[in-house]
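In: Kindly return the folded structure for what I paste below:
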Amino acid sequence: MPESADKNARATAHNAGQPQPRRRRDLRRPAGASPDARTGTMPAAATPNNSRTAPTRRSSWAEAAAVADAQAEAEATPEALEAVPAPVPASVPASVPAQPAAQPTGQPAAQPATSRRGAVPAEPSAPPSNVSRQAAKLAAAEAPASDFITSPGSFVREQKPRPRGGFRGALYALTGGAINLGPGPRQREEDELGRRISRQLQGSYNTAVLSLKGGIGKTSTTVGVGLTLAEFRGDAPCAIDANPDSGDLVERALGEGIYQQSSPRTITDLLRNIESVDSLTALARYMHHAGRLHLIAGEQDPEVSDSLTAEEYLRIRKLISGYYSVALTDCGTGVTHNAMSGILQSADNLVIAAGYAVSGAKRARSTLQWLASHGYEDLARNAIVVITDKDEVSSRVDKDAIEEHLSGMCRQLIAVPHDRGVADGDLVTLDVLKPETRRAYKEIAAAIVDGYV
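Out: A predicted model of the protein is given here:
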């Protein structure tokens, strides 16, 4: 046995410094593991040095959104922009150097080799992280969606209004609506008047219709404008006959025969029982109705009609204001009777009736001057002068000169053409009036509502 030991010693000395072949069992060891791993001794496991760190898993989308919000706020400040370090490449270069052989224990590991050209590769753009993707999804989910109710134009094509009458209306009817040129200029003006008349009002308003001369269209204007307001407004208007000289407002709106057949309750009856009127139903017992126009009849007894005082009218006006947003008051022929001070005190605007006769034009001018000199400058300046061509005058009268003279003293002047439906002094209904007359009443009604807003 000494000889065998001597051979082993010589072989060991001969092979000293020569590389030893790795055994098959060593190939199964990870790089850097100790050769003693095949023995019974188990060394401490070494943590592999992976170049890519596993992404941290968020517990919920709320945490991801919070991180994204914090990151966005930090990036928004100039200080944060200056303090941001250079980005770290998130992708591994295409050429990865081979791992060096395991170093003996106690020696530092060799540094990885650089690229062949010896230069640091350009920084590639980092792909969006999971946090950025989740934040983008969250922002898209919380973005306000287009509401179909508030923005229907995004889903529905705008349709032209249907033309009424004229060539456009005839073409629309002949083609069954296939050719729609839309309304013409005249119809658009009519629609605009209707829009102005139908505007919603906050509160109750009163318009007084007065003149210094009778028989020039004051009451017919009150009825025509009242019926026009009732046609276009969503709420019913009210007309009050405050004429101390046995006014015929209700007779012009209903017809004399119908008024006599109905219970002829008047403003005097309402004043007598005003304390018991606590609802619209109770008030309706003293009302007359011409379609949607509600009317309070004036006193027909001459001995009683002139006794209406300013205080009594204000009580009527206060009661009406609780149920009607628009009221018209048909006054007498004058501005000095008992109730006139209460009417002017509660009026929001005035309609001054006039005619093309020289005497009628002069009285309209006198009315405006009297108002301005008795503390009603605002009412005079914002008044609406209505010239009704009730009695056709000769060509000697310069109508244009009269209109120009009066228009400089008021807010608006409107001319009502000659119409037998008005001149006869009987029942006034919109159906029998000329289109020009109806348009004039629309202009008056629109001007009245314009003065309320």
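
In: quick one: Arg411 and Asp378 touch, right?
Out: No. Contact criterion C-beta atoms under 8 Å: Arg411 and Asp378 do not qualify, at 10.4 Å. To be clear about C-beta, it is placed using only N, CA and C from the backbone, and glycine gets the same treatment.

In: More neighbours: which of the two?
Out: Arg411 (16 against 11; other C-beta atoms under 10 Å).

In: ok, now how distant is that one from Ala327?
Out: 20 Å (C-beta to C-beta, to the nearest Å).

In: In space, what's closest to Val326 - neighbours in sequence excluded?
Out: Pro237 (4.3 Å; C-beta to C-beta, 6 or more residues apart in numbering).

In: cool, Gly203 as well?
Out: The shortest distance from Gly203 to any non-neighbouring residue, by C-beta to C-beta, 6+ apart, is to Ser325 (7.0 Å).

In: how's this structure carved up into domains?
Out: Using automatic domain parsing, the domain ranges for the chain come out as 162-197, 202-450.

In: which stretch in the ones you listed is the model least sure about?
Out: Comparing mean pLDDT across the domains of the chain, the weakest is domain 162-197, with a mean of 84.

In: tell me how far the ends of that domain are from each other?
Out: End-to-end span of domain 162-197 (C-alpha to C-alpha, to the nearest Å): 21 Å.

In: tell me the mean pLDDT for the host helix or strand of Leu138?
Out: Here Leu138 sits within helix 130-142, counting by DSSP states H and E. Helix 130-142 shows a mean pLDDT of 67.

In: C-terminal to that helix, what's the next element?
Out: For helix 130-142, the following helix or strand on the C-terminal side (DSSP H and E) is helix 166-174.

In: before we move on, the earlier item: how about the residue nearest to Val326, what does it touch?
Out: Pro237 is in contact with Gly226, Leu229, Ala230, Arg292, Leu293, His294, Tyr324, Ser325, Val326, Ala327, Leu328, counting by C-beta atoms under 8 Å, 6 or more residues apart in numbering.

In: can you rerun that using 6 Å?
Out: Counting by C-beta atoms under 6 Å, 6 or more residues apart in numbering, Pro237 touches Gly226, Leu229, Ala230, Val326.

In: hang on, the earlier thing: ramachandran angles for the residue nearest to Gly203?
Out: Torsion angles at Ser325 (phi, psi; degrees, to the nearest 10) stand at phi -90, psi -20.

In: again, but for Asp241
Out: Per degrees, to the nearest 10, the backbone of Asp241 is at phi -90, psi 100.

In: what bridges to it?
Out: Asp330 (DSSP bridges).

In: and the nearest residue to Glu377 once chain neighbours are set aside, how many neighbours does it have?
Out: Sequence neighbours aside, Leu371 is the residue nearest to Glu377 in space, at 7.5 Å (criterion: C-beta to C-beta, 6+ apart). With neighbours defined by other C-beta under 10 Å, the count for Leu371 comes to 21.

In: and the next element down the chain from the helix or strand containing Leu371?
Out: Secondary structure from DSSP H and E places Leu371 in helix 358-373. Per DSSP H and E, the first helix or strand lying C-terminal to helix 358-373 is helix 377-381.

In: what angle separates the next helix or strand after that following helix from helix 358-373?
Out: Moving toward the C-terminus from helix 377-381, the next helix or strand (DSSP H and E) is strand 384-388. Strand 384-388 runs at 170 degrees relative to helix 358-373, counting by axes from the mean of the first three to the mean of the last three C-alpha atoms, to 10 degrees.

In: what residues does strand 384-388 touch?
Out: By C-beta under 6 Å, 6+ apart, the list of residues contacting strand 384-388 from outside reads 217, 221, 351-354, 364, 406, 410, 412-416, 447.

In: go on, stretch 255-273?
Out: For stretch 255-273, the external contacting residues (C-beta under 6 Å, 6+ apart) are Val250, Glu251, Tyr286, Ile296, Ala297, Gly298, Glu299, Val304, Glu312, Leu427.

In: where's the third one relative to Glu299, distance?
Out: To tie it back to what came earlier, the one meant is Tyr286. Per C-beta to C-beta, Tyr286 is found 12 Å from Glu299.

In: cool, Ile352 as well?
Out: Shown here: Ile352 relative to Glu299, a distance of 24 Å by C-beta to C-beta.

In: neighbour count winner among those two?
Out: Set Ile352 next to Glu299 and count neighbours by other C-beta under 10 Å: Ile352 wins out with 27 against 23.

In: So that one lies in a strand, does it not?
Out: Yes. Ile352 forms part of a strand when assessed by DSSP: H, G, I helix; E, B strand; the rest coil.

In: check contacts around it.
Out: Contact analysis of Ile352 by C-beta under 6 Å, 6+ apart lists Ala364, Thr367, Ala383, Val385.

In: nearest spatial neighbour of it, skipping sequence neighbours?
Out: Once flanking residues are discounted, Ile352 sits nearest to Val385: 4.8 Å by C-beta to C-beta, 6+ apart.

In: So what sits opposite the one you found in the bridge?
Out: With DSSP bridges as the rule, Val385 is bridged to Ile352, Leu413.

In: Please report the distance of it from Tyr286.
Out: Distance, Val385 to Tyr286, using C-beta to C-beta: 32 Å.

In: repeat for Glu190
Out: Counting by C-beta to C-beta, the gap from Glu190 to Tyr286 is 35 Å.

In: which of these two has more neighbours?
Out: More crowded of Glu190 and Tyr286, by other C-beta under 10 Å: Tyr286, with 22 against 17.

In: secondary structure class for that one?
Out: Following three-state DSSP, Tyr286 is assigned to coil.

In: Number of residues surrounding the residue nearest to it when sequence neighbours are not counted?
Out: Spatial nearest neighbour of Tyr286, chain neighbours left out: Leu270 (4.3 Å); criterion: C-beta to C-beta, 6+ apart. Close neighbours of Leu270, defined as other C-beta under 10 Å, add up to 22.

In: any idea how far Leu270 lies from Leu193?
Out: Leu270 is 33 Å from Leu193, where distance means C-beta to C-beta.
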